[in-house]
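Trainee: Here is my input, please return the structure:
(one chain, ligands or ions: 3)
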Amino acid sequence: MTDVPIVVTGLMGAGKSTVARLLADALGRPLRDSDDELLERYGMTAADIAADLGAAELHAREASLLLEALAGDPSVVIAAAASAVEDAAARRALGQAFVVFLDAPPAVLAERRLRGTHRPRFAREPAEALTERRKRRLAYFSEVADLTADSSRQAPEEIAARALARFAKMKRSGRAE
Ligand SMILES: Nc1ncnc2c1ncn2[C@@H]1O[C@H](COP(=O)(O)OP(=O)(O)OP(=O)(O)O)[C@@H](O)[C@H]1O
Ligand SMILES: O=C(O)C1=C[C@@H](O)[C@@H](O)[C@H](O)C1
Ligand SMILES: [Mg+2]
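Mentor: Numbering: from 1, shown residues only. Ligands and ions are numbered 1, 2, ... in the order given. Below you'll find the predicted structure:
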């Protein structure tokens with residue numbers, strides 16, 4: 001039987017790359033991180049693409065990368081772009097994956113996004129922009145999620161352990177492998 005891809009999703013700074021790396025290492029799977037793939041393919045960070053070509057183009061590229069990753073080798077762990085759940089085709093394709101949704105209060109995410117340079121700038125105050133995105137996307141994240149974890153309350157290692165246990169249970173019950 002075929003493997004099931006694991007996808008980690010959530011807003012900017014939720015901990016997707018961190019948890020996806022732990023899952024990939026634990027399962028011996030390759031990691032496909034949207035930000036790395038953008039850089040590899042276009043030679044630009046998400047921040048550069050948003051600044052030079054606009055947010056709509058960035059989001060279209062991010063949704064395409066997720067669809068491509070889901071259509072490829074299923075034995076992967078994918079750190080998806082935060083925006084990808086807004087794409088209906090991407091949400092449909094996520095139905096075939098085991099999806100971990102990392103949630104956290106916008107104020108915590110706003111603080112975390114000060115680290116790193118790949119994240120696009122917000123026109124508005126970050127906590128406000130993240131609150132608006134969370135409100136707009138929460139139903140989508142919930143629709144695709146097989147597991148939801150609050151990354152302001154649990155360490156990445158705890159979240160990864162929960163995800164691995166749930167994934168193994170799902171496999172035993174026959175949905176995966
Ligand atoms: N569960 C957690 N608890 C506390 N801090 C965390 C947790 N997960 C990640 N972090 C920290 O938050 C920051 C953002 O994590 P990470 O880069 O993994 O998020 P991301 O969702 O991939 O962000 P982006 O959307 O920008 O790609 C990092 O400094 C990371 O160490
Ligand atoms: O709207 C957002 O939350 C995001 C926008 C893009 O810039 C991306 O880099 C990422 O999907 C986060
Ligand atoms: Mg990341």
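Trainee: need the next SSE after the helix or strand of the chain with the lowest mean pLDDT, C-terminal direction.
Mentor: Every helix and strand in the chain was compared by mean pLDDT, DSSP states H and E; the lowest is helix 106-112, with a mean of 92. Sequence-wise, the next helix or strand downstream of helix 106-112 (DSSP states H and E) is helix 126-144.
Trainee: Counting by contacts, list what that next one packs against.
Mentor: Contact here means 3 or more CB pairs under 8 Å, 6 or more residues apart in numbering; DSSP states H and E; on that basis helix 126-144 packs against strand 6-10, helix 88-94, strand 98-103, helix 106-112. Just so you know, the C-beta spots here come from the backbone N, C-alpha and C atoms, and that holds for glycine as well.
Trainee: just to revisit the earlier point, check which residues of the least confident helix or strand of the chain are buried.
Mentor: 106, 108, 109, 110, 112 (16 or more other CB atoms under 10 Å).
Trainee: Ligand 2 contacts on this structure?
Mentor: Within the chain, the positions near ligand 2 by CB under 6 Å from any ligand atom are 11, 12, 46, 50, 58, 62, 81, 82, 83, 120, 133.
Trainee: give the contact list for the third one.
Mentor: The contact partners of residue 46, taken as CB atoms under 8 Å, 6 or more residues apart in numbering, are 34, 35, 38, 58, 62, 81, 118, 119, 120.
Trainee: ok so, going back, restrict the buried residues of helix 106-112 to those near ligand 3?
Mentor: With CB under 5 Å from the ion as the criterion, the buried residues of helix 106-112 include none near ligand 3.
Trainee: List just the nearest of those residues to ligand 3.
Mentor: Among the buried residues of helix 106-112, residue 112 lies closest to ligand 3 (CB to the ion), at 10.5 Å.
Trainee: I'd like the distance between the nearest residue to that closest one once chain neighbours are set aside and residue 104.
Mentor: Leaving aside its sequence neighbours, residue 112 sits nearest to residue 13 (CB to CB, 6 or more residues apart in numbering; 3.8 Å). According to CB to CB, to the nearest Å, residue 13 and residue 104 sit 8 Å apart.
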